[in-house]
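Asks: Okay, predicted coordinates and the sequence, questions at the end:
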Amino acid sequence: MQTKVEICGVNTSGLPVLSAKKTDELLKKSAAGDKQARDELIRGNLRLVLSVVQRFQGRGESPDDLFQVGCIGLMKAIDNFNTELGVRFSTYAVPMIIGEIRRYLRDNSAMRVSRSLRDTAYRALQAKEAFIREHQREPDIVELAKLMDVPKEEVVFALDAILDPVSLFEPVFHDGTDTVCVMDQVGDTKNTDDNWLAGIALRDAMSSLNDRERRIIRLRFFEGRTQMEVAREIHLSPNKRKEDSDPILTI
């Protein structure tokens, strides 16, 4: 028995499911201007919109608002779908629905991005949608940059700048007992306990050296000088016997 879910006043358990054959027939009729076929297509794909909306749960936005925005993306997909390319409608519609919802979330985000970056990002999104309409697939960054005639690095930077932030405490897995959050899967190989202890030990060791010894350490290990170069720098004769040489210099 299907679970009843009310969203925007629609009982999702009663939504129809269209077969691939029926979808193709309705798409051809809709492309020919049949408004009744278009309406039937919209209603028959509301479950698709609902499945996409569920990906954006936990963003603090009303599910009803996201569902309505997703429906706009669905209608755009229906109106722009090319039935002659032999691509499944859902393959084309899902990116369109996701793009519409992401645009809505960006426009309502509290984070502010510079106008130039935002303009570049919107141009990239428009170029992406045009590419999807023509080829029924998403372009890669190289193709997108070529369409826009801008460096690919600029496209990547602009699109990254308008990505929705994710909380470190957002759950990514739950098995009924333990919840795994984003922060649990973010590795930090720099700020580990071992590195903290090593840093403290190094600072203590450096503080016990005199100025000359610290200078040798800096030249040898931080500036990459050879032992001969360090010897000349501190006016130490390179011909000095090994047993009389500076212990720090010969590390």
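Replies: Yes, it's here. All figures in this text were calculated on a predicted structure; none of them were measured in a lab.
Asks: Could you list every helix and strand in contact with the strand or helix carrying Val155?
Replies: Using DSSP states H and E, Val155 maps to helix 152-161. For helix 152-161, the packing partners by 3 or more CB pairs under 8 Å, 6 or more residues apart in numbering; DSSP states H and E come out as helix 115-135, helix 141-148. (C-beta placed from N, C-alpha, C; glycine too.)
Asks: Output these in CSV; the columns should cover mean neighbour count, mean pLDDT and distance to Leu50.
Replies: What follows is those, written out as CSV (neighbours: other CB atoms under 10 Å; pLDDT from 0 to 100; distance: least, CB to CB, whole Å):
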stretch, mean neighbour count, mean pLDDT, distance to Leu50
helix 115-135, 16, 83, 21
helix 141-148, 16, 89, 29
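Asks: And the helix holding Val155, what's buried?
Replies: By neighbour count with 16 or more other CB atoms under 10 Å, helix 152-161 contains the buried residues 155, 158-159.
Asks: and of those, the nearest to Met228?
Replies: When the buried residues of helix 152-161 are ranked by distance to Met228 (CB to CB), Val155 comes first, at 49.2 Å.
Asks: Just to check, that closest one is in contact with Leu147?
Replies: No - with contact defined as CB atoms under 8 Å, Val155 does not count as touching Leu147 (9.5 Å).
Asks: Residues contacting the helix holding Val155, please?
Replies: 113-114, 117-118, 120-121, 124, 141-142, 144-145, 148 (CB atoms under 8 Å, 6 or more residues apart in numbering).
Asks: Ser90 sits in which helix or strand?
Replies: helix 89-107.
Asks: In terms of secondary structure, what does that helix contact?
Replies: Going by 3+ CB pairs under 8 Å, 6+ apart, helix 89-107 lies up against helix 20-31, helix 46-53, helix 63-80, helix 115-135.
Asks: any weak-confidence spans in the stretch 1-150 of the chain?
Replies: 1-13, 59, 109-114 (pLDDT under 70).
Asks: now do the stretch 151-251 of the chain
Replies: Within the stretch 151-251 of the chain, the segments meeting pLDDT under 70 span 162-197, 237-251.
Asks: again, 80 this time
Replies: Low-confidence segments of the stretch 151-251 of the chain, defined by pLDDT under 80: 160-202, 222, 235-251.
Asks: Dump the helix holding Val155 to CSV, restricted to CA.
Replies: Output of helix 152-161 as CSV, limited to C-alpha atoms (Å, rounded to 0.1, in the frame of the first residue of the first chain):
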residue,chain,number,x,y,z
LYS,A,152,37.9,26.6,-18.3
GLU,A,153,39.5,27.7,-15.0
GLU,A,154,37.2,30.7,-15.0
VAL,A,155,34.2,28.6,-15.6
VAL,A,156,35.1,26.2,-12.8
PHE,A,157,35.8,29.0,-10.3
ALA,A,158,32.5,30.8,-11.2
LEU,A,159,30.4,27.6,-10.8
ASP,A,160,32.1,26.7,-7.5
ALA,A,161,31.4,30.2,-6.2
